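Colleague: Fold the following for me, if possible:
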Amino acid sequence: MVQQKQLYKEAMNVLKATSRTFFIPITFLEKDMKTTVATAYLCMRAIDEIEDHEDITVEEKARMLTKTAELLSTQPFDNAAYLAEIDAYKSILPEVTLRLNDWITLCPDAIRQRVAASTGEMAGGMAKWALKGWVCHTKEDLDDYTYYVAGLVGVMLSDIWKTFANIDTDRDLAIGYGRGLQAVNILRNQDEDAERGVSFVPDGWTRDELFAYANNNLEKAEAYNKQITKRSILMFCKIPLALAHKTLKTMHSGNEKLTRAEVEATVAELDEHTK
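Modeller: Down below sits the predicted model:
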């Protein structure tokens, strides 16, 4: 029990250091859901760091991600085999990646296998897109990419709400929620992505069409939130959506992202209105 408490404390510290923005909505969740969502995020961030690393070749990324996906499909997770796969890069990969087994171990028994399966599916999808060079040519490409990196997160969260709060939500709306948030990220990072030869914008699309794609999916997120009846979960879901809408508005006005003060004000406003 002491070891679990220490591991939980370390996980929350790594989460806060990795994503302060995501850390905020998690604090509204109760213990089991907070632990599950936190560890699920860390698992997915662990593989995302492999995909994003600038000093690892595409082929090596695909190899490590594919093998990790295979390892995540069986229980218990073979940590020794995982560490052997990433051994050549252990000096440059972050703590969140090196400790994937810890995050899986900390995840509650009732949902651990589902979190591992979702993370594995994401790893497999990331391996595929690494080999494609992260270039989307069609809307179908964009839908596929945004599903693997964000849409399936929505599906996994829906499984968590069902497991711990008996709340049913629509799978397509959950995927739309994830896609909408990812589309906002794509808009925000479009110039930076272009500089490194990456483009998630379908051939022939203008920036306005990408804005429309984001807004259409965020409308699904609004519908998704209407299915949530528990305040703590609703707060968790509303905060990223509100920040996404405000970020789109900010980008329309020529700025890149919200200030820390704007983020805090949005959270406080939602907290008051959701009481």
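Colleague: now V184: how far from N216?
Modeller: Distance from V184 to N216, counting by CB to CB, to the nearest Å: 12 Å. C-betas here are computed from N, CA, C, even on glycine.
Colleague: the more surrounded of these two?
Modeller: V184 (25 against 13; other CB atoms under 10 Å).
Colleague: tell me the secondary structure for that one?
Modeller: Per DSSP: H, G, I helix; E, B strand; the rest coil, the local secondary structure of V184 is helix.
Colleague: give the contact list for it.
Modeller: Under the criterion of CB atoms under 8 Å, 6 or more residues apart in numbering, the neighbours of V184 are A214, L218, A244, T247, L248.
Colleague: again, only using 10 Å
Modeller: 210-211, 214-215, 217-218, 240, 243-248, 251, 257 (CB atoms under 10 Å, 6 or more residues apart in numbering).
Colleague: burial count for the closest residue to it other than its chain neighbours?
Modeller: Distances taken as CB to CB, 6 or more residues apart in numbering place A244 nearest to V184, at 4.7 Å, with adjacent residues excluded. Counted with other CB under 10 Å, the neighbours of A244 add up to 22.
Colleague: Could you do E49 as well?
Modeller: Using other CB under 10 Å: E49 sits among 18 other residues.
Colleague: Distance check, it against V96.
Modeller: As judged by CB to CB, E49 and V96 stand 6 Å apart.
Colleague: Same question for F164.
Modeller: 24 Å.
Colleague: Which one's more surrounded, those two?
Modeller: V96 (24 against 20).
Colleague: which element is the more buried one on?
Modeller: helix 95-98 (DSSP states H and E).
Colleague: which other residues reach that helix?
Modeller: Residues contacting helix 95-98 (CB under 10 Å, 6+ apart): 10-11, 13-15, 17-19, 41-50, 53, 64, 68, 82-83, 86, 89-90, 102-103.
Colleague: mind redoing it with 7 Å?
Modeller: Here helix 95-98 makes contact (CB atoms under 7 Å, 6 or more residues apart in numbering) with V14, T18, L42, R45, A46, E49, I50, K90.
Colleague: how about it: buried residues?
Modeller: If you call a residue buried by 16 or more other CB atoms under 10 Å, then helix 95-98 has these buried ones: V96, T97, L98.
Colleague: And stretch 149-169, by the same measure?
Modeller: 149-161, 163-165, 167, 169.
Colleague: Which residues outside it are in contact with it?
Modeller: Taking CB under 7 Å, 6+ apart as the rule, stretch 149-169 contacts 32-33, 36-37, 40, 44, 110-111, 114-115, 118, 121-122, 171, 174-175, 177-179, 181-182, 224, 227-230, 233.
Colleague: again, but for stretch 66-82
Modeller: Here stretch 66-82 has contacts from 47, 85, 100-101, 104, 113, 116-117, 119-120, 123-124, 127, using CB under 7 Å, 6+ apart.
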